[in-house]
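Asks: can you look at this prediction? I've put the sequence above it.
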Amino acid sequence: MKIQTSSLRRAAGIALGALGLLLGTAPLTAAPADSLRLIPRPASITWGAGHAQLPTTLTVSPLLPQVIQTQLSQQAGIKVKATTKAPLLSVRLDRRLAGREAYRLSVGPRGMQLLAKDSSALLQGGQTLLQLVGQYGRRLPQLSITDSARFAWRGIMLDVSRHFMSADFIIQLLDEMARYKMNRFHWHLVDGGGWRFPSEKYPLLTKKAAWRTIADWDSWWQHDRRFVDEGTPGAYGGAYTKDDIRRVVAHAARLGITIVPEIELPGHSNELPAAYPELTCKGKWTFDATDVCIGRESTFRFFEDILGEVLELFPSYYIHIGGDEAAMNHWGSCPDCRARMKQEGLKDEHELQSYMIRRIERYLNGKGRQLIGWDEILMGGLAPNAAVMSWRGEEGGITAAKAGHKVVMTPGNYVYLDFYQRESKGEPRAIGGFTPLEKTYSYNPTPAVLSPAEQQYILGVQGNLWTEYVEDEQHAAYMLFPRLLAIAEIGWTPQAERSYPDFLRRVAAQLPGLKARGINSYPLKRIAVYSEIDTARREVALCLSSEQPSAEIRYTTDGTMPTASSRLYTGERISSRDSILLVARLFRDGKALDFPEVSYRTDYHLGIGRPIYYNEGCQWNPKYPAGGARALVDGLRGTPTYLDGLWQGFTMPLDVTVDLGETKALRHVFAKFMQEKMQWVYMPHHVELLLSDDGTNWRSLGQRVTTTDDGDFLPSFETFSFPIAERARYVRVKAANQRSAGHFIFLDELVIQ
């Protein structure tokens with residue numbers, strides 16, 4: 001960011017004359033650049049040396065959007081009057097401004113001016129003014145902000161299929177999105193959890209497929225999946241009316257936000273057979289009826305009819321059709337689908353899905369709209385004009401961009417907001433995973449492997465909130481905020497101007513405003529622990545940081561709970577040549593904050609750096625290699641997510657041997673495993689420890705049987721521990737995976753002491 005402390009020049013374009021009523025006569029020292037709380041951070045700020053006082057009646061140019069005028073009046077507690085005669089806030093368009101949605105907002109000794117490249121830029125500049133008033137009140141610092149958007153697409157997706165969210169909540173969310181310069185709301189209206197879109201042609205969709213037997217997702221999805229008719233006593237669900245949708249779309253338009261509707265096909269369609277069973281290959285409701293039948297023309301008539309109704313309500317150029325995770329489990333045995341494949345010369349089910357996507361694209365293109373879908377639409381061949389949302393990492397987006405297709409980057413590891421924001425202890429239920437604010441903020445949507453020309457196909461970035469375990473709007477807000485603010489800044493602010501410590505300071509300053517506006521935001525309560533392994537010094541070290549900039553971290557290294565007299569963390573490396581049993585907690589003014597403590601163990605153990613052998617019949621799954629052949633003895637402990645690259649995954653029994661190089665005295669061997677049932681990751685049935693002096697003759701030290709309930713859907717961790725008093729050179733660990741193909745066991749480290 002460019003920071004200057006000179007007074008504003010007249011060239012900034014500030015109106016003169018009668019605007020002197022705005023002047024604050026006492027000059028002030030220029031405010032430091034870091035005092036601003038704006039999110040997203042502007043591209044450039046020039047500071048003046050004084051301040052300006054807003055009058056009780058603020059005159060503005062009529063060009064200032066009405067929604068900004070209204071909010072300005074409410075926020076500043078003043079009367080806002082539109083006039084063409086020397087307004088205190090002068091507003092005009094200047095299409096010469098460089099950049100997307102570019103604007104220049106100036107506050108000077110004789111008034112304010114907002115220059116904007118277009119109507120969208122007027123709204124963005126207006127939102128910046130509103131944030132300034134929110135921070136400073138009616139006494140504004142003299143400054144000039146020159147700003148523009150990095151990406152055209154700055155979005156949030158909300159899944160209302162698994163759990164219905166009201167139109168009022170959507171409108172509240174849109175207000176917050178606009179505040180932070182986000183401009184795409186992706187409305188996931190239909191999915192296997194329930195159909196929420198109102199259809200006049202197919203009224204049974206909301207009468208028979210919008211209501212289910214129970215709210216709890218696990219109980220319903222794993223054991224029932226039955227829908228009930230609207231009006232059934234105790235039914236859970238809901239659907240929007242066309243008036244609801246019109247109200248949401250109109251409100252979004254006033255804010256400069258485009259609503260992108262999604263009608264999921266051909267998979268994730270479990271709700272459809274409850275209303276129209278003829279849409280499935282079996283022609284009836286079944287527990288595994290997840291896909292529609294592509295072989296029947298009636299399926300295409302249905303979706304074209306539905307999309308026709310969608311287009312009447314939503315003016316968005318892009319229409320999302322899903323396209324992800326089709327099970328394809330009935331297409332191969334369906335006579336209609338087989339006939340379609342033969343007729344069209346399709347070699348497999350992937351090409352059959354691509355056939356449907358292409359037909360739907362032709363329909364949308366014929367209506368002047370464009371198809372966008374999840375990256376599975378690449379399989380079997382991408383439709384000619386389709387845009388891609390890349391969620392399974394960046395690979396799909398990279399492939400699409402190289403082929404000249406528009407891409408929205410939305411990789412699950414960074415911007416899936418249904419993942420935990422901190423360690424799961426004390427947190428509301430999430431689907432698993434672990435995406436703290438820092439990780440979300442670290443994302444850069446332009447992969448380095450793309451050339452500058454190819455990067456031009458990256459439309460932008462989007463965060464996604466799936467709601468399997470988000471049952472109400474308060475929980476939804478908790479998962480969205482403040483990570484939504486991170487995605488907003490990723491999409492708007494130049495990459496070179498982004499700084500996480502600075503962003504964290506500004507987020508903390510935004511939280512009281514979010515709370516005052518009724519947003520149930522996550523309160524920044526995580527203590528991050530970073531570990532280092534120094535093989536030269538043969539030691540482990542930990543460093544800490546807090547999401548609360550003004551809080552103290554106090555900690556112990558013996559596993560006891562910190563108190564106000566425990567050691568204060570001041571940035572030092574906490575090191576040991578043995579083990580650290582860290583417990584850390586946040587304090588302020590001598591009192592512990594009402595946030596959970598963090599516990600972390602790390603060990604410099606005998607196995608670090610030693611050869612490890614994966615015995616015959618044992619090999620990690622290529623999707624989850626962690627650090628490869630050294631992963632289990634590299635000293636690095638896994639975080640609470642299987643996606644962090646530190647957990648090694650196995651779909652076969654684990655059997656590994658560590659060679660210590662010489663016979664050594666052993667006192668403890670242990671290994672921590674993970675269970676994430678929803679991701680098919682389970683505890684091993686049992687773990688066995690064996691020792692040897694020669695690597696040939698083995699003696700068993702016994703087995704430890706898991707105590708974890710395999711019916712528990714919460715992420716869980718279990719340490720299989722073997723306290724011993726033995727001598728050996730070779731240490732062998734076996735872990736039984738007694739499940740069917742495709743089930744995993746996950747291990748982060750084999751610790752040998």
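Replies: Sure, I can see it. What you see is a predicted model; the values in this text were computed from it and never measured. Numbers count the residues shown, from 1 in each chain.

Asks: what residue spans form the domains of this protein?
Replies: Domain assignment for the chain, taken from automatic domain parsing, gives 2-149, 153-516, 527-603, 612-752.

Asks: quick one, which of those is packed in tightest?
Replies: Compared across those, domain 153-516 shows the largest average neighbour count, a mean of 20 (mean count of other C-beta atoms under 10 Å). Where C-beta positions appear, they are placed from N, C-alpha and C, glycine not excepted.

Asks: mean confidence for it?
Replies: Averaged over domain 153-516, pLDDT sits at 96.

Asks: measure that domain end to end?
Replies: Terminal residues of domain 153-516 lie 28 Å apart, using C-alpha to C-alpha, to the nearest Å.

Asks: now stretch 412-425
Replies: End-to-end distance (C-alpha to C-alpha), stretch 412-425: 22 Å.

Asks: pull the distance from it to the chain's centre.
Replies: Remark: stretch 412-425 is offset 7 Å from the chain centroid, using C-alpha atoms, centre = their mean, to the nearest Å.

Asks: can you tell me the SS state at residue 357?
Replies: helix (DSSP: H, G, I helix; E, B strand; the rest coil).

Asks: you'd agree it is up against residue 387?
Replies: No - Residue 357 is beyond contact range of residue 387, at 11.9 Å (criterion: C-beta atoms under 8 Å).

Asks: ranges for the helices of the stretch 351-500 of the chain?
Replies: In the stretch 351-500 of the chain, the segments counted as helices under DSSP state H, counting those that start in this stretch are 395-402, 412-415, 437-441, 452-455, 473-480, 483-492, 500-516.

Asks: wait, what's in contact with the closest residue to residue 505 other than its chain neighbours?
Replies: In this structure, residue 505 finds its nearest non-sequential neighbour in residue 549, 5.3 Å apart by C-beta to C-beta, 6 or more residues apart in numbering. Going by C-beta atoms under 8 Å, 6 or more residues apart in numbering, residue 549 touches 504-505, 508.

Asks: list phi and psi for residue 549.
Replies: phi -60, psi -30 (degrees, to the nearest 10).

Asks: just give the closest residue to residue 593, not the sequence neighbours.
Replies: Distance criterion C-beta to C-beta, 6+ apart; nearest residue to residue 593, sequence neighbours excluded, is residue 586 at 4.4 Å.

Asks: what does the helix or strand containing that neighbour contact?
Replies: Using DSSP states H and E, residue 586 sits in strand 579-588. For strand 579-588, contacts defined as C-beta under 8 Å, 6+ apart pick out 525, 527, 529, 540, 542, 544, 546, 548, 550-562, 564, 569, 574, 592-593, 595, 597-604, 753.

Asks: go again with 6 Å.
Replies: With contacts defined as C-beta atoms under 6 Å, 6 or more residues apart in numbering, strand 579-588 is touched by 527, 542, 544, 548, 551-559, 562, 592-593, 595, 597-603.

Asks: for stretch 734-743, same thing?
Replies: Counting by C-beta under 6 Å, 6+ apart, 653-655, 680, 682, 684-688, 745 sit against stretch 734-743.

Asks: chain center to that stretch, what's the gap?
Replies: 31 Å.

Asks: mind exporting the C-alpha coordinates of it to CSV?
Replies: Provided in CSV are the C-alpha atoms of stretch 734-743 (Å, rounded to 0.1, in the frame of the first residue of the first chain):
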residue,chain,number,x,y,z
LYS,A,734,1.0,-53.2,12.8
ALA,A,735,-2.4,-51.7,12.6
ALA,A,736,-5.4,-53.8,11.4
ASN,A,737,-7.8,-52.3,8.8
GLN,A,738,-10.6,-54.8,9.1
ARG,A,739,-13.0,-53.0,6.8
SER,A,740,-14.1,-53.3,3.2
ALA,A,741,-12.3,-51.7,0.3
GLY,A,742,-12.1,-47.9,0.3
HIS,A,743,-12.0,-47.5,4.1
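
Asks: the helices of the stretch 351-500 of the chain: which one's closest to residue 95?
Replies: Within these, the stretch nearest residue 95 is helix 483-492; the backing value is 20.2 Å (C-beta to C-beta).

Asks: how far out from the middle of the chain is that closest one?
Replies: That offset, for helix 483-492, works out to 10 Å (C-alpha atoms, centre = their mean).

Asks: restrict the strand holding residue 586 to CA atoms and write it as PDB.
Replies: Output in PDB follows, covering the C-alpha atoms of strand 579-588 (Å, rounded to 0.1, in the frame of the first residue of the first chain):
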ATOM      1  CA  SER A 579       9.100 -33.900  24.700                       C
ATOM      2  CA  ILE A 580       6.900 -30.900  25.100                       C
ATOM      3  CA  LEU A 581       3.500 -31.300  26.600                       C
ATOM      4  CA  LEU A 582       2.200 -27.800  25.900                       C
ATOM      5  CA  VAL A 583      -1.000 -26.300  27.200                       C
ATOM      6  CA  ALA A 584      -1.700 -22.700  26.300                       C
ATOM      7  CA  ARG A 585      -4.600 -20.300  27.200                       C
ATOM      8  CA  LEU A 586      -5.600 -16.700  26.500                       C
ATOM      9  CA  PHE A 587      -5.700 -14.100  29.200                       C
ATOM     10  CA  ARG A 588      -6.500 -10.400  29.500                       C
END
